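Asks: Everything below, folded, please.
(one chain, ligands or ions: 2)
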Amino acid sequence: MSIVVKKWNELAEVKAELAARDWFFATSGNLSIKVTDDPLTFLVTASGKDKRKQTDEDFLLVDAAGRPAEKTHLKPSAETLLHVEIYNRTNAGCVLHVHTVDNNIISDVYAANGEAVFSGQEIIKAFGIWEENAEVRIPIIYNYADIPTLAQQFSTYIHGDAGAVLIHNHGITVWGRTAFEAKKHLEAWEFLFRWQVKRLLLQRAGLPVG
Ligand SMILES: CSCCC(=O)C(=O)COP(=O)(O)O
Ligand SMILES: [Zn+2]
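Replies: Ligands and ions are numbered 1, 2, ... in the order given. Model (predicted):
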């Protein structure tokens, strides 16, 4: 099996799992997986498709600038430049972007702080942080309509081979060394967002939430 087919299948599996979670509303979301390092190539979702569907036109191979690496009628995701920034600056192997109601609410509630902070949650261990009362932070950036501007802003928060950024009233982009790590981190962030949204509602209702 060629490396492209192997990586295609790996990304298709992640895509199916995120679809099963209903994280691809209204064609939103984009995913990618690195195929080669030198030259850099990666498979990215084709723009505007319903990512819940599985077809043989789901992904296309692009180069280090996010341009198609082979002749195709498919268009790379409109947000491919964010993936480009990650692969060019880190050793990440996979990038996942989803729009969920919870990630949008958290991005809005904490927008003025420029970040959302979570602590006192067992699931933080999914990030490889094992200290008691550990804290995790996720930056929240403005949702520039101009993608090169968004990608430039986004790039200032890329600090390692694994990470995540919330885009205000838009969605989350998570990256990891492998597809397994990126998906694990995405699930952990979404757990924290849902947990916090519910806590805020319970607090508002006057219930005793810690
Ligand atoms: C309908 S959602 C607007 C575009 C977007 O934010 C997104 O994640 C999907 O865009 P793509 O070009 O990757 O399909
Ligand atoms: Zn998006």
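Asks: and the gap between residue 197 and ligand 1?
Replies: Per Cβ to the nearest ligand atom, to the nearest Å, residue 197 is found 21 Å from ligand 1. C-beta: built from backbone N, CA, C; applies to glycine.
Asks: Which strands or helices does the helix or strand harbouring that residue pack on?
Replies: Here residue 197 sits within helix 179-204, counting by DSSP states H and E. Identification of packing neighbours for helix 179-204 by 3 or more Cβ pairs under 8 Å, 6 or more residues apart in numbering; DSSP states H and E yields helix 3-20, strand 94-98, helix 101-109, strand 115-119, strand 163-167, strand 171-176.
Asks: mind putting the ones you listed in TSV, mean pLDDT, mean neighbour count and distance to ligand 1 included?
Replies: Rendered in TSV, the data for these read as follows (pLDDT from 0 to 100; neighbours: other Cβ atoms under 10 Å; distance: least, Cβ to the nearest ligand atom, whole Å):
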stretch	mean pLDDT	mean neighbour count	distance to ligand 1
helix 3-20	98	16	12
strand 94-98	99	26	6
helix 101-109	99	19	11
strand 115-119	98	16	20
strand 163-167	99	23	8
strand 171-176	99	26	6
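Asks: among the ones you listed, which is nearest residue 205?
Replies: Proximity to residue 205 (Cβ to Cβ) singles out helix 101-109 among these, at 16.2 Å.
Asks: Any idea how many residues pack against the spatially closest residue to residue 109 that is not a sequence neighbour?
Replies: Leaving out its chain neighbours, the residue that sits closest to residue 109 by Cβ to Cβ, 6 or more residues apart in numbering is residue 200, at 7.0 Å. When neighbours are defined as other Cβ atoms under 10 Å, residue 200 has 14 of them.
Asks: how much space between the nearest residue to residue 155 once chain neighbours are set aside and ligand 1?
Replies: In this structure, residue 155 finds its nearest non-sequential neighbour in residue 85, 4.3 Å apart by Cβ to Cβ, 6+ apart. Residue 85 is 15 Å from ligand 1, where distance means Cβ to the nearest ligand atom.
Asks: what angle do the host helix or strand of residue 85 and strand 171-176 make?
Replies: Applying DSSP H and E as the criterion places residue 85 in helix 80-89. Per axes from the mean of the first three to the mean of the last three Cα atoms, to 10 degrees, the angle that helix 80-89 makes with strand 171-176 is 30 degrees.
Asks: Grab the CA positions of helix 80-89 and hand them over as CSV.
Replies: Taking Å, rounded to 0.1, in the frame of the first residue of the first chain, the C-alpha atoms of helix 80-89 are listed here in CSV:
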residue,chain,number,x,y,z
THR,A,80,-5.7,25.2,4.3
LEU,A,81,-3.3,28.1,5.1
LEU,A,82,-3.8,27.4,8.8
HIS,A,83,-2.7,23.8,8.2
VAL,A,84,0.3,25.1,6.2
GLU,A,85,1.4,27.2,9.1
ILE,A,86,1.3,24.3,11.5
TYR,A,87,3.2,21.8,9.2
ASN,A,88,5.8,24.4,8.3
ARG,A,89,6.5,25.3,11.9
